[in-house]
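**Q** compute the structure for the input listed below.
(chains A and B)
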There are 2 protein chains.
Amino acid sequence: MVFSSKLIEDAVQEFSRLPGIGKKTALRMVLQLLKMEKGDVDGFTNALSKMRHEVQFCADCHNVSDGLVCAICGNRARNNSQVCVVENIRDVIAIESTQQYNGLYHVLGGILSPLDGIGPEQLNITTLHKRVKDKGVEELIMALSPTIEGDTTVYYIARQLQGITLRITTIARGISFGGELEYADEMTLAKSIAKRLPIENYVSVNGK
Amino acid sequence: MVFSSKLIEDAVQEFSRLPGIGKKTALRMVLQLLKMEKGDVDGFTNALSKMRHEVQFCADCHNVSDGLVCAICGNRARNNSQVCVVENIRDVIAIESTQQYNGLYHVLGGILSPLDGIGPEQLNITTLHKRVKDKGVEELIMALSPTIEGDTTVYYIARQLQGITLRITTIARGISFGGELEYADEMTLAKSIAKRLPIENYVSVNGK
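**A** Predicted coordinates:
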């Protein structure tokens, strides 16, 4: 792409560094910013800059936070005996968006993946161990990806915590709501039959 | 989506104002920025802010410009007897990227579209007229979208310039009907400029 303006070129260049943004999409974004009021563009760039410079990571759960401790860990109305272990921040947002969970989180920062060079030292497992021992955690809910790496991580953590009185659970695997049976993969379908629930439980799970 | 950090929420909110960016994509972008070095994020936001505050529009051709006159109009190596009339800035970038055209441009800022309330007054037609009369333009290459609105605009401009000795051509119909100029591949676009037709041929081709 040949630009006649260095200012536009630089902006497009910077934009196309973001994931999934090619040159054409970057150009569309830049031209959209060019159409916006200067004040609105300042609002946009300031919000991003402020976010990058001021966001911290919660000292307890490693979630993004506006202060030393995140809004979830700092909320006394939440059940601090339950900790949901997730891979990353996006998972916290996904679970929070269901508005069905009232415990705390622990963000691992990834899952064990030797091929990618991610071992236990790269994950926030030591702090999880300490938290479970010192903070009266009664249940760990493992909400990791249903992959071999995810399962390995679950087993690794469970083994690390052996000897501590603690309930360790994983989120249910099965056919998603609205999903069609015939399109489910064999593994999921097999698991969902093996782990079938009595109708009463199913109803109560739905809260009906 | 429920965020536990206001900083993240604000950044996602701002990002999702851009065209084609939903909340999930915005979040992915924001988390990517969060992973980047602070200095790189500053580079990103500064480039966008600088672009919005400093970009001007060329006094001659209305293209984006880093100064009063754009780099194309200010380039003495270019053929200033040829002016390529385009709808918008994206079209200039698309044609420049073919590296096959050495004349100047004139950015109309749209095409005639009565239904959208775009009449001749909303377009940069008066300045085009003045430019043709005063600046020794010998050829106008109409590179507008091959749509009814594009054709109407071509005819309107041609009629306005009646009486002035001038060759008016249009880019060749290598581009499919209903296709938008900016999505054409560079080869097709280059050919369509090289094989431009005099207006008479253009009319007979259309059988009008």
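
**Q** for chain A, what spans make up the strands?
**A** All strands of chain A, identified by DSSP state E, fall at A:56-57, A:64-65, A:79-86, A:103-107, A:139-142, A:167-170.

**Q** can you say which of those strands is nearest to chain B?
**A** Among the strands of chain A, strand A:64-65 comes nearest to chain B, with 4.6 Å by Cβ to the nearest Cβ. For every residue, glycine as well, the C-beta is placed using N, CA and C.

**Q** anything in that closest one near chain B?
**A** Yes. Counting by Cβ under 8 Å from any Cβ of the partner chain, chain B has neighbours in strand A:64-65: A:64-65.

**Q** distance of A:Lys135 relative to A:Leu123?
**A** 19 Å (Cβ to Cβ, to the nearest Å).

**Q** nearest residue to A:Thr45 other than its sequence neighbours?
**A** Distances taken as Cβ to Cβ, 6 or more residues apart in numbering or on different chains put B:Thr45 closest to A:Thr45, at 4.0 Å, once the chain neighbours are dropped.

**Q** tell me which of A:Lys135 and A:Leu123 has more neighbours.
**A** Each of A:Lys135 and A:Leu123 has its neighbours counted (other Cβ atoms under 10 Å in any protein chain shown); A:Leu123 has more, 22 against 12.

**Q** I'd guessed the more buried one sits against A:His106; true?
**A** No. Here A:Leu123 lies out of contact with A:His106, judged by Cβ atoms under 8 Å, at a distance of 10.2 Å.

**Q** and A:Gln160, what does it touch?
**A** By Cβ atoms under 8 Å, 6 or more residues apart in numbering or on different chains, A:Gln160 lies in contact with A:125, A:129.

**Q** again but with A:Ser49, I slipped
**A** B:41-42, B:45.

**Q** could you do A:Phe44 as well?
**A** Contact partners of A:Phe44, counting by Cβ under 8 Å, 6+ apart, are A:33, A:36, B:14-15, B:17, B:48.

**Q** just the buried ones among these, please.
**A** The neighbour count (16 or more other Cβ atoms under 10 Å in any protein chain shown) marks A:33, B:14-15, B:48 as buried among the contacts of A:Phe44.

**Q** want to throw the residues you listed into a markdown table with distance to A:Gly150 and pLDDT?
**A** A markdown table is the format used below for those (distance: Cβ to Cβ, whole Å; pLDDT from 0 to 100):
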| residue | distance to A:Gly150 | pLDDT |
| --- | --- | --- |
| A:Leu33 | 39 | 94 |
| B:Glu14 | 33 | 94 |
| B:Phe15 | 29 | 92 |
| B:Leu48 | 37 | 95 |
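
**Q** tabulate those residues (CSV), appending distance to B:Ser65.
**A** Below are the buried ones among the contacts of A:Phe44 laid out as CSV (distance: Cβ to Cβ, whole Å):
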residue, distance to B:Ser65
A:Leu33, 17
B:Glu14, 27
B:Phe15, 28
B:Leu48, 18
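
**Q** among these, name the ones in helices.
**A** A:33, B:14-15, B:48 (DSSP state H).

**Q** ok, back up a step: the residue nearest to A:Thr45: neighbour count?
**A** Using other Cβ under 10 Å, B:Thr45 has 23 other residues around it.

**Q** okay but it is in contact with A:Met51, surely?
**A** No. Using Cβ under 8 Å as the test, B:Thr45 is too far from A:Met51 to be in contact (10.0 Å).

**Q** with adjacent residues omitted, what lies nearest to A:Glu96?
**A** Residue nearest to A:Glu96 in three dimensions, not counting chain neighbours: B:Val2, with 4.0 Å by Cβ to Cβ, 6+ apart.

**Q** how about the one you found, what does it touch?
**A** Going by Cβ under 8 Å, 6+ apart, B:Val2 touches A:93, A:96-97, A:99.

**Q** and with 10 Å instead?
**A** A:92-99, B:9 (Cβ atoms under 10 Å, 6 or more residues apart in numbering or on different chains).

**Q** kindly report the same for A:Tyr155.
**A** A:112, A:142.

**Q** for chain A, which residues score under the pLDDT cut-off?
**A** Scanning chain A with the threshold set as pLDDT under 70 gives A:200-208.

**Q** center of it, which residue is that?
**A** When Cα atoms, centre = their mean is applied to chain A, the residue found nearest the centroid is A:Asp91 (2.2 Å).

**Q** would you confirm that that residue contacts A:Tyr101?
**A** No. With contact defined as Cβ atoms under 10 Å, A:Asp91 and A:Tyr101 do not form a contacting pair (11.4 Å).

**Q** between those two, what contacts are shared?
**A** A:84, A:143.

**Q** contacts only, for A:Asp60.
**A** By Cβ under 10 Å, 6+ apart, the neighbours of A:Asp60 are A:68-70, A:72-74, A:80, A:83, A:104-106, A:127, A:131, A:135.
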